[in-house]
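1. fold the following and give me the result.
(one chain, ligands or ions: 1)
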Amino acid sequence: MPASDRRLVAIYPGSFDPLTNGHLDLISRGARLFDNLIVAILSNSQKHAALFDIAERTQMIRDATSAFPNVEVDSFQGLLVDYAAHRNANAILRGIRAISDYETELQMALINRRMRPETETIFLMAGEEYSFISSRLIKEIVTLGGDVSTFVPNAVADRLRAKFSR
Ligand code: ADP
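-> Predicted coordinates for the structure are as follows:
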């Protein structure tokens with residue numbers, strides 16, 4: 001197949017609970033690199049108690065990424081490599097904020113490559129103005145009554161306001 005006929009499809013997996021400006025920065029940069037970028041919400045993560053359910057997260061990400069025609073939002077259960085095979089993806093996009101991300105990201109990238117060598121994990125360094133932002137901190141601040149509107153897209157800030165003004 002000529003190189004020009006090969007479409008680069010990447011999956012950007014995560015919990016996105018909620019989507020932050022850091023995630024959005026990665027999505028906008030990924031949308032420039034890949035022909036198609038699938039933002040895929042992992043729905044079997046039991047890491048933390050969820051703030052938003054999958055349907056709410058999907059809607060917020062769709063609202064925040066509506067300007068990018070090659071970005072799709074989906075959710076998946078099970079192994080990321082199985083989902084990548086199902087979506088014919090050649091790449092997994094992940095972000096690195098600090099050394100603390102590096103260790104777990106390296107481990108995941110290596111094990112995913114062992115399970116499915118056809119899919120390469122591509123890392124983008126976090127934008128310096130976003131590297132301190134995490135969904136975990138956003139959750140902590142909002143539950144303590146703080147304002148996070150400068151850290152998250154408007155679609156997310158509106159939903160947070162609605163949830164916490166009740
Ligand atoms: P997970 O629960 O898989 O860590 P997240 O939604 O927290 O999911 O993050 C998804 C991906 O986005 C991870 O690769 C993470 O390192 C990256 N990421 C998270 N926050 C930022 C940020 N502020 N800037 C750049 N990348 C980020």
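2. get me the contact residues on the protein for the ligand.
-> 14-16, 20, 22-23, 26, 94-95, 97, 101, 126, 130-131, 133-135 (Cβ under 6 Å from any ligand atom). For every residue, glycine as well, the C-beta is placed using N, CA and C.
3. ok, now how distant is Asp74 from the ligand?
-> 14 Å (Cβ to the nearest ligand atom, to the nearest Å).
4. OK, contacts around the residue of the chain at minimum distance from the ligand?
-> Nearest to the ligand in the chain, going by Cβ to the nearest ligand atom, is Gly22, at a distance of 1.9 Å. With contact set as Cβ atoms under 8 Å, 6 or more residues apart in numbering, Gly22 has these partners: Gly95, Arg97, Ala126, Gly127, Tyr130, Ser131, Ile133, Ser134.
5. would you double-check that it falls in a strand?
-> No - per DSSP: H, G, I helix; E, B strand; the rest coil, Gly22 lies outside any strand segment and is helix.
6. any idea how many residues pack against the residue nearest to it when sequence neighbours are not counted?
-> Leaving out its chain neighbours, the residue that sits closest to Gly22 by Cβ to Cβ, 6 or more residues apart in numbering is Tyr130, at 3.7 Å. Per other Cβ atoms under 10 Å, the neighbour tally for Tyr130 reads 18.
7. tell me the secondary structure for Tyr130?
-> Applying three-state DSSP: Tyr130 is coil.
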